[in-house]
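Visitor: pasting the sequence and the predicted coordinates here, then a few questions.
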Amino acid sequence: MAEEDEKQEEAQVDRQANRKTSKYMTKYERARILGTRALQISMNAPVMVELDGETDPLEIAMKELTERKIPFTIRRYLPDGSYEDWGVDELIVEDSWKRQVGGD
């Protein structure tokens, strides 16, 4: 068991060291993640965060993204035909959308 855990950790560290794409989530990835997750929530998918009275699926999806609880993987294709898989929890999400809606 311990050996398997070590191998998985080594594989993940190796995968992260060899990545070619940015560690930042693009605005297009963010829009797709939020839209897809909001649709799932609206169709009664389990919510991964504590709700404080939120009922809007998009607000709940934004809260999940902020808390890094969305269980999605983003596949980024490269020009040579290969791809990289990034977990949503691995990517850095800029809060530029707060400026667009008048937040702090």
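Guide: Arrived safely.
Visitor: check contacts around I33.
Guide: 25, 61, 65, 70, 72, 74, 88 (Cβ atoms under 8 Å, 6 or more residues apart in numbering). (Glycine included, C-beta is placed from N, CA and C.)
Visitor: where does this protein dip in pLDDT?
Guide: Applying pLDDT under 70 to the chain flags residues 1-2, 5-16, 96-104.
Visitor: all helices for it, in order.
Guide: Taking DSSP state H as the criterion, the chain carries its helices at 2-17, 27-42, 57-66, 96-100.
Visitor: any chance of the contacts of I33 in a markdown table with distance to L39 and neighbour count as columns?
Guide: Output for these, formatted as a markdown table (distance: Cβ to Cβ, whole Å; neighbours: other Cβ atoms under 10 Å):
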| residue | distance to L39 | neighbour count |
| --- | --- | --- |
| M25 | 19 | 18 |
| A61 | 9 | 25 |
| L65 | 14 | 22 |
| I70 | 13 | 21 |
| F72 | 12 | 16 |
| I74 | 17 | 19 |
| V88 | 16 | 20 |
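Visitor: which one of those residues sits closest to G35?
Guide: Nearest to G35 out of the contacts of I33 is A61 (Cβ to Cβ; 8.0 Å).
Visitor: hang on, the earlier thing: identify, from the contacts of I33, the entry nearest to Q40.
Guide: Q40 lies nearest to A61 out of the contacts of I33, by Cβ to Cβ, at 8.3 Å.
Visitor: I'd guessed the closest one sits against A45; true?
Guide: No. The criterion here is Cβ atoms under 8 Å, and A61 misses it with A45 at 10.2 Å.
Visitor: residues in contact with the residue nearest the centre of the chain?
Guide: Nearest to the mean C-alpha position of the chain, by Cα atoms, centre = their mean, lies V88 at 2.0 Å. Residues near V88 by Cβ under 8 Å, 6+ apart: 25, 33, 65, 68, 70-74.
Visitor: got it, and L65?
Guide: Applying Cβ under 8 Å, 6+ apart, the residues near L65 are 30, 33-34, 37, 88, 93.
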